[in-house]
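> show me how the following folds:
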Amino acid sequence: QVQLVESGGGVVQPGESLRLSCATTADIFNNYAITWFRQAPGKEREGISCISHKNSTYYADSVTGRFTISRDTAKYTVNLQMNSLEPEDSAVYYCGAVSRTICSTYNLREYSMNYWGEGTLVTVSS
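Residues are numbered from 1 along each chain as shown. Okay, here's the model as predicted:
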């Protein structure tokens with residue numbers, strides 16, 4: 001059973017914005033920290049942003065100041081607002097969940113996750 005479902009990917013031009021969503025179950029939303037990862041072709045999966053059910057957040061340096069993570073409690077959804085997109089942001093974006101109250105570098109590690117979504121593709125190209 002799929003516990004996390006990503007949506008919102010697409011093709012945009014450099015400098016434009018995109019918002020990704022990660023829909024999940026009430027149990028995961030209320031008890032887990034959710035992290036956005038991305039994986040470009042030929043590269044390792046990179047953790048970029050985390051938010052916990054206590055609203056603790058953490059960002060990788062590569063997206064700090066451009067991306068914002070948030071929770072929609074009415075929809076059990078975690079959103080990732082991505083601004084000033086660059087071609088280097090092109091990747092498949094995944095969300096993962098781990099049973100933790102706070103976000104830290106631990107939450108940005110691929111092997112830390114208990115659950116995964118199947119990903120959504122983001123392409124930034126002129």
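> which residue would you name as the spatial centre of this protein?
Trp36 (2.0 Å; CA atoms, centre = their mean).
> what sits up against the host helix or strand of it?
Secondary structure assignment for Trp36, by DSSP states H and E: strand 33-39. Residues outside strand 33-39 that contact it (CB atoms under 8 Å, 6 or more residues apart in numbering): 4, 20, 22, 24, 28, 45-53, 56, 69, 78, 80, 89, 91-103, 107-108, 110, 113, 119, 122. Using the backbone N, CA and C atoms, a C-beta is placed for each residue, glycine as well.
> which PyMOL command selects the buried ones in those residues?
To isolate the buried members of the contacts of strand 33-39 in PyMOL, using 16 or more other CB atoms under 10 Å:
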select buried, resi 4+20+22+24+28+45+46+47+48+49+50+51+52+53+69+78+80+89+91+92+93+94+95+96+97+98+100+103+107+108+113+119+122
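> which of the contacts of strand 33-39 fall in helices?
Taking DSSP state H as the definition of helices, the contacts of strand 33-39 contribute Ile28.
> partner strands of the strand holding Trp36, with direction?
strand 46-51 (antiparallel), strand 91-98 (antiparallel) (DSSP bridges).
> and of those, who's closest to Val12?
Proximity to Val12 (CB to CB) singles out strand 91-98 among these, at 12.8 Å.
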